[in-house]
Structure formats: C-alpha cells, structure tokens
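>>> below: sequence and its predicted model.
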Protein chains: 2
Amino acid sequence: MLSRRAKFRRGSLHGVRPGDVLELLRDGRPWTRAQLAEATGLSRSTVRARIEVLQQLGLVTPYGDGVSTGGRRPALLALNPAGWVVAGVDVGATHVHAVLGDLAGQVLQEARVDMEVAEGPEAVLGWVTDAVTSMLERQRRGLAELAAVGLGLPGPVEHSTGRPNNPPIMPGWDRYDVPGALQRTLPVPVLVDNDVNIMALGEQQVHLPHVSDLVFIKVATGIGAGIISGGALQRGDRGTAGDLGHVRVSRGTGVMCRCGNEGCLEAVAAGPALADRLREAGVPARTSQDVVDLVRGGDRTAVQVVREGGRDIGEVVASLVNIVNPAVVVIGGRLAEAGEHLLAGIREVVYRRSLPLATQHLRVMPSGAGAEVGVRGALAMATGHALSPSAIEQASQRLGGGVAAGA
Amino acid sequence: MLSRRAKFRRGSLHGVRPGDVLELLRDGRPWTRAQLAEATGLSRSTVRARIEVLQQLGLVTPYGDGVSTGGRRPALLALNPAGWVVAGVDVGATHVHAVLGDLAGQVLQEARVDMEVAEGPEAVLGWVTDAVTSMLERQRRGLAELAAVGLGLPGPVEHSTGRPNNPPIMPGWDRYDVPGALQRTLPVPVLVDNDVNIMALGEQQVHLPHVSDLVFIKVATGIGAGIISGGALQRGDRGTAGDLGHVRVSRGTGVMCRCGNEGCLEAVAAGPALADRLREAGVPARTSQDVVDLVRGGDRTAVQVVREGGRDIGEVVASLVNIVNPAVVVIGGRLAEAGEHLLAGIREVVYRRSLPLATQHLRVMPSGAGAEVGVRGALAMATGHALSPSAIEQASQRLGGGVAAGA
C-alpha cells in the first residue's frame, strides 16, 4: 500500500496542470493563492504547485501585497503579460498589417505595407516573415520568446490546416500551406482564419471582453459574419459558417447574384449593389467608399439607399438572431462608416422581426474596435492558442523534463 | 533548491487530472497506457497516476490483454460503463418517459406514464422522483451511484438555472426551480433543457457519434432546432438559439402568426397550418397526426401540401446552413413521420439555395434515433456532465482527501 502510494507520487511534476489557474489570472487582476484555490475548487497545495510551474515559465509574477485577514499578508499574483510575445497579422485585399503584442493584447510594435494579396503567397508571407523577425529584434526578444502567430486572410480558410479554400480574390493561394511557409523561419504554431472571424475576435478582445455570444457583421464589397457562441468562435463543419451574403432576401426577387443564384443579400445590399442603385438614380458612385462619402456629405439619395440596404441586411440579421441568439450584433466593415443610417435600417427590421425573448437583451451596435480590429483579433487568436491548457501543459512538461534531468 | 522541489511534489495527489485520459477512454475502445500517453502527450507516469485515480473511482477497468511489441503484454484498459448510473427524463406535452442508463448510454431500466405537463411541476416531478428511485432499487444501485439527472421539457428553459422561461403550454412551470425540486430526494447535479436540444444530443449519441456539427429540426405543432456546433450544444445568450419557427418565409406574405408577426415559418408549415390547408381543400384534418396518416394513406392533396411545407422549411434551413455550416441536418418530430415527401421538399430548396461550399458535404436526413431520441439525449446530457473534466476532478479530489487522511 505504501509502495503503491509512493509510485503514485512519482507523477507529481507531470501531473501539475497549470492551465486552469492561468485561465483565472488572464482576467488581468491580481489574485492570492487562497482566492485561486477557492475559485478553481483545487486544493491549496495544487494551486501552489501550478503557480510554481507558471512562474518557471515566466508567465506569472508577484504583484504588490494582498489584503491580510490577520497575520502575514498573503502574496498577490498576476499574469506577466511580458512573459512571451505573439504576432498578429491582418492580410487585406490591398494591405498587410502586422503587430507584435504581449499576452494582455497590448501592441508593442507594428508594421504596415500597401501590397496586393494577388501578388501571391510568397511575396506576402515573405514580407510577414521579415516584419515579424525585425519587430522581434527591435523589441530585443528572441525567437524562443515568440509563442504563436495568428493571421487573417480575405477569403475562405480551412482553419485546421491553415490553407485557403478556393478564395475568389487570391490567385495563387488556393490550398497553399500558409503555416508551413511561415514556420520555415518562425518555428511556432501558426493559426490562420478568414478576415471576418478575426474581426469578431478583435471586437471581443478590444471592446466586449465579457460577452461570450457575439456576432460581427462586415458590410463591404461582400457581407459576412464571424460568430462567437458560448465563448468560442464557430467555424462550422467546413469553415463556411457566417456566410450571410448569399441568404435570400425578399427585395431580391429578380436580382441575379454573381454566385448564380437569385435574390442574395450581397446582390442587393453590399457596397457595389448600393453604388449601382445610386448610379441608376443619377448619382455618380462606384465603390463602397464613394457611397460612404456621399452619405457623409449629406446626399439624400445616398442616405435613403443606405437605409434601405440596412433593412435588407436586417432581414437576414433577424433570422440570424432567431437561430444563434447573440447578446450583441456588431456592424463593421467599410459601409458601416456611413454611420447611423445603415445601423438604423438594420435595427428597424431586427426588432420588428426577431422574437421578443431573443431581442429583449440584444444590442445592435457599431464596431468599437476601429481599424485595428483585424490585427487585434489575429493577436487574440495567437494568444488564445499560446495560453490554452494544452499548450501550457506541453510547455510545463518540457520544463518538468528539464527539472527532472537536473535532479 | 532541494527543499523547493520537495514542496513542489506535495501537490502530487491533487495535481492528478484524470479528466482528459477519460475523454479518450470514452470512445469505448480499449487502450494501453502507452497509447494513452501518446494520444494525450502526457508522460507515462502521469497517465499511470490518472488511471489509478479513475480505477479508484470505479470508472476504468482492465480489458483482456494488449498486443505485445515484444516482451510482456501491455495491459488494456477501458471505461467501466457500469461504474456509475445516470438518469434521463423526457417530459412531453402528454407523457413522461424516464430511463436509468449506464455511462455508455445503454438503457438499463425504463418507466413511462401518460401525464399532461399542464398538471404542473409538483405532479410531474413527483412522478419523476419516484420513477428514478424505484429504477435504482430495481437495479440494486444506491443513491451514491447516481451521478446526474438530465431532463428535457417542452418549452424554453434557462439552462444555467434549470428554470422554464415563459413556457406557453406549461401552466405553473414558469421560473419553477426544477433542479431544486428533484434534488430534495435525488441529491445530484440536475441538468434541464428544452426538448429539441435534448433531441439533438440524442441523435448525436445514438446515430451520429462522430459528427460534431449537426442540427436537429423538430417539425410538429411548432418548428425548432437544436444546434450542435464545434462539438457543443449552442444555446445562445438567453437559451433561445434554434428558434426557426418565427423566421419569415416568402410564402408567408399575408399569413398572420400567433406571435403577432406576419409570415412566420410556423404559421405556414407546422402541423396545424398544413391541417388548415387540407381542410380548405376539402380534406378533413385537424392535427399533425391526421396529416401524417393522410400522407401514409396516399392522399394526393396531403402529399402535395406536405411537400410544399417542406419547401417552406427548406427556405429557412438554407439560411441556417449558410449561417451555421452543419455537416448533417436531421429532420425529426411528428410531421417527419410523413416520410420522404417532407424531406424531399426541404432538400430541394436547401441544395438550390445554400452555398456550394456549405452543401458539398452536407447530408439532410431523417432522424435515425427513433422515438427514444429525447430520453437518450437527456441521458447523454447527464453523462456529459458526470464525466466532464471538472466533475471528475472534484470526485478525484474527494478521493485524494480520503487517501491523504488515511496516510
């Protein structure tokens, strides 16, 4: 019996699971060991052991003094956001934006370039590799301190492999091994997703950190959604979840879409469709930006066309609200810069059409994360992976092996 | 340095996290410790320690002999489905069905009664308590071996508290503390959800165990969906996710719904709407069952009306497929018993209207779980909770405390 227990204890170092203690520390507040034990339901000795591993990994540091309940003051602990760094990259149709950030989502360094995604993966990812390497140097951080890279692309991506899947505006990228290309120089986990998914993560990170059910809708040349449900980004079976652009709307009868179907939302309410409608009314407009400029300049026809587009989008958002039941719907993308008119049209139909139980606490609001929403989401995706229980367990096992070797 | 390491080891017993080893064993196949170590990335000593805890909890047992790679044969291990029992309960509008099951989802004992849910929570939950107690006795299992109860109700439920939320056909149940009432006699975790959510879980458990993105659509007096995405049931912010019945459809113009809106799917294609349409055409029908009987009897008008209803449902399912991207859409509920005609109408529109990327691998199929789908889902919900890493951690900590006290 004694020998059995002794054997049982040999697993100690490897049995320590620091991940869930870290989950709590990620809220940014300082905690005492006793508070961590109470909140996790773990014993104090377990919490002590897990904290020790996290300190050895450089992820947890002491934080001033705790409030005493009599006797010696208990030590406060907090996440050390500078322990590791992560990189976030937002590849748009005509630009690339890369940042180096800390574990709290703070941007430490950034780099931007005007570059067409159509130049192909070698050119774009070559620039990304150079940018991340040089940002690491400028921050005097070694490659070993880089924990992960998150990258968003303007087209469908198979998230599990990081390969683009038939992206319409990205010649040369179909099925290209994006993680493999970056890992030749940056030997860390590389997470790849489409732009609207990383925008949803960015909005949550920057603006709505306590909301676990939110939908980010991008209205621009296309219309798509990033859906976070139950705290997790939902990609669906093949990564196509959130494709609102090809849902049929009632005003679409007789309108053909580039996808070959009739009446798709995108063919009625995306930027090019609104510009078409303005031209038909004699107002010169070609791009989403032209539409936004006209609305901002007070053009009445443009205001009316954008509001109608909002109602069409609202019809699909109403279905989405009934199906997904989010707490917040965020409207972003180029056309959202037209301001309240688009939002008013969306709200009008959503509150009329969705169920009272689903809209009672629903907020429909503009993006509060600004132009950095994509790159901040890419950073959040990388950090989420780097601090996941399994990644932390792997890191602490490497540490455990090292300690054992030195014993 | 040595004393620090010694302190570090004191957490050993509590540091053992058997949950993720158990996740693998839940596949029902036998595993060797070496295979478990490889699959989890944990060290062999950790796996040994976790297995020991699971054996002490009665959840893991030896399983014959493994295939040797030379030398002594490695021992095979498997989940012990008889370790604990769980109860699953399906409360319908006019019946209650309760089962006792093992951890592999096998039904050990069952009880049924014809009872109106409108008789109120005391009557219904009183019967449930008696039924579970008597099934435990008949199986000669003690209350201490019951790990959890899962229960489905025919109306909206706030899953976090287990309280019904304004259920239309359940007088006396609004905000009633369902878990509290059962826990007076059955002091275990009680999980409560609406009927279509447990049907989705039941379909997955019985028929589609390897599908992590599936939608179960119930077509009866109402129309609703249970959505499993990324392996988890998605309830949304307020638990109303999956409400398809009040999404607007194109044929609904001018049709008023009981919810006060115009053109809802339910007002056009649920059982009562189809019966109305048959009566208008001179065919006597009142209920969903009448419609099903007519179709089965070969009535041409009924076949046509059901197929049209399928097309209306297909319009909403097409939106859902674009938004959620499931691998499988399962059609169940009373009207699904009308067979291929309903399904054909749904498929016709879904494959015409949804995106090729989303439908390329999509299957739209009838429920394969039969009439037991609800109760099997309730069982799965209870088992899922009982075997979750946090529940196992709590159980093993109680065990750890006991072992430590005996040291």
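Received, thanks. Here the structure is a predicted model, which is why all the values come from computation and not from measurement. Numbers count the residues shown, from 1 in each chain, chains lettered A, B, ... in the order given.
>>> which ones are touching the nearest residue to residue A:172 once chain neighbours are set aside?
Nearest non-adjacent residue to residue A:172, counting by C-beta to C-beta, 6 or more residues apart in numbering or on different chains: residue A:120, 3.8 Å away. Using the backbone N, CA and C atoms, a C-beta is placed for each residue, glycine as well. Applying C-beta atoms under 8 Å, 6 or more residues apart in numbering or on different chains, we find residue A:120 in contact with A:171, A:172, A:173.
>>> most neighbours, which of the residues you listed?
residue A:173 (24 neighbours; other C-beta atoms under 10 Å in any protein chain shown).
>>> model confidence score at it, please.
pLDDT, residue A:173: 97.
>>> how far away is it from residue A:88?
For residue A:173, the distance to residue A:88 (C-beta to C-beta, to the nearest Å) stands at 19 Å.
>>> the strands in the stretch 201-350 of chain A, which residues?
A:214-219, A:223-229, A:232-233, A:328-332 (DSSP state E, counting those that start in this stretch).
>>> got those as JSON lines, with mean pLDDT and distance to residue B:373 columns?
Formatted as JSON lines, these follow (pLDDT from 0 to 100; distance: least, C-beta to C-beta, whole Å):
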{"stretch": "strand A:214-219", "mean pLDDT": "97", "distance to residue B:373": "29"}
{"stretch": "strand A:223-229", "mean pLDDT": "97", "distance to residue B:373": "23"}
{"stretch": "strand A:232-233", "mean pLDDT": "95", "distance to residue B:373": "26"}
{"stretch": "strand A:328-332", "mean pLDDT": "97", "distance to residue B:373": "32"}
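>>> would TSV of the ones you listed with distance to residue B:208 be doable?
Putting the strands of the stretch 201-350 of chain A into TSV (distance: least, C-beta to C-beta, whole Å) gives the following:
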stretch	distance to residue B:208
strand A:214-219	26
strand A:223-229	20
strand A:232-233	20
strand A:328-332	31
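>>> mind pulling the model confidence for the closest residue to residue A:229 other than its chain neighbours?
Closest residue in space to residue A:229, ignoring its immediate chain neighbours: residue B:234 at 4.7 Å, by C-beta to C-beta, 6+ apart. Looking at residue B:234, its pLDDT reads 96.
>>> okay, now residue B:234: neighbour count?
24.
>>> of the contacts of residue A:120, which is the nearest to chain B?
residue A:173 (15.5 Å; C-beta to the nearest C-beta).
>>> and the closest one, that one's in a strand?
No. Counting by DSSP: H, G, I helix; E, B strand; the rest coil, residue A:173 is not found in a strand; it is coil.
>>> list phi and psi for the closest residue to it other than its chain neighbours.
Distances taken as C-beta to C-beta, 6+ apart put residue A:164 closest to residue A:173, at 4.4 Å, once the chain neighbours are dropped. Dihedral pair for residue A:164: phi -60, psi 150, per degrees, to the nearest 10.
>>> domain ranges for chain A?
Using automatic domain parsing, the domain parsing of chain A gives A:2-80, A:85-200+A:373-385, A:208-367.
>>> figure out which of those domains is closest to residue B:133.
domain A:2-80 (29.0 Å; C-beta to C-beta).
>>> quick one: average pLDDT of the closest one?
For domain A:2-80, mean pLDDT rounds to 70.
>>> can you check stretch A:272-291 too?
95.
>>> could I get that stretch in CSV with only the CA atoms?
The C-alpha coordinates for stretch A:272-291 follow below in CSV (Å, rounded to 0.1, in the frame of the first residue of the first chain):
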residue,chain,number,x,y,z
PRO,A,272,-21.3,47.6,-55.3
ALA,A,273,-25.1,47.0,-55.3
LEU,A,274,-25.7,50.3,-53.4
ALA,A,275,-23.3,52.1,-55.8
ASP,A,276,-25.3,50.6,-58.8
ARG,A,277,-28.5,51.9,-57.3
LEU,A,278,-27.1,55.3,-56.8
ARG,A,279,-25.9,55.5,-60.5
GLU,A,280,-29.3,54.4,-61.6
ALA,A,281,-30.7,57.4,-59.7
GLY,A,282,-28.2,59.6,-61.5
VAL,A,283,-25.7,60.0,-58.6
PRO,A,284,-22.1,59.0,-59.6
ALA,A,285,-20.8,56.2,-57.3
ARG,A,286,-18.6,53.2,-58.0
THR,A,287,-17.2,51.8,-54.7
SER,A,288,-18.3,51.3,-51.1
GLN,A,289,-16.1,54.3,-50.3
ASP,A,290,-18.0,56.5,-52.8
VAL,A,291,-21.3,55.5,-51.1
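>>> now the residue of the stretch 301-407 of chain A found nearest chain B. Nearest residue, chain neighbours left out?
In the stretch 301-407 of chain A, the residue that lies nearest chain B is residue A:325 (2.5 Å; C-beta to the nearest C-beta). Excluding the flanking residues, the one nearest residue A:325 by C-beta to C-beta, 6+ apart is residue B:236, at 2.5 Å.
>>> list the contacts for that neighbour?
Contacts of residue B:236 by C-beta under 8 Å, 6+ apart are A:213, A:229, A:324, A:325, A:326, A:358, B:242.
>>> and of those residues, the nearest to residue B:346?
residue B:242 (16.0 Å).
>>> chain center to the helix or strand encompassing residue A:45: distance?
Assigned by DSSP states H and E, residue A:45 belongs to helix A:44-56. Centroid separation for helix A:44-56 versus its chain: 30 Å, with C-alpha atoms, centre = their mean, to the nearest Å.
>>> and that helix, what does it pack against?
For helix A:44-56, the helices and strands in contact under the criterion 3 or more C-beta pairs under 8 Å, 6 or more residues apart in numbering or on different chains; DSSP states H and E are helix A:19-25, helix A:33-40, strand A:60-65, helix A:389-406, helix B:2-9, helix B:12-15.
>>> buried ones in it?
Going by neighbour count (16 or more other C-beta atoms under 10 Å in any protein chain shown), the buried part of helix A:44-56 is A:45, A:46, A:47, A:48, A:49, A:50, A:51, A:52, A:53, A:54, A:55, A:56.
>>> just want the angle from it to helix A:33-40.
If you take axes from the mean of the first three to the mean of the last three C-alpha atoms, to 10 degrees, helix A:44-56 sits at 110 degrees to helix A:33-40.
>>> let me know the pLDDT of the residue of the stretch 301-407 of chain A closest to chain B.
95.
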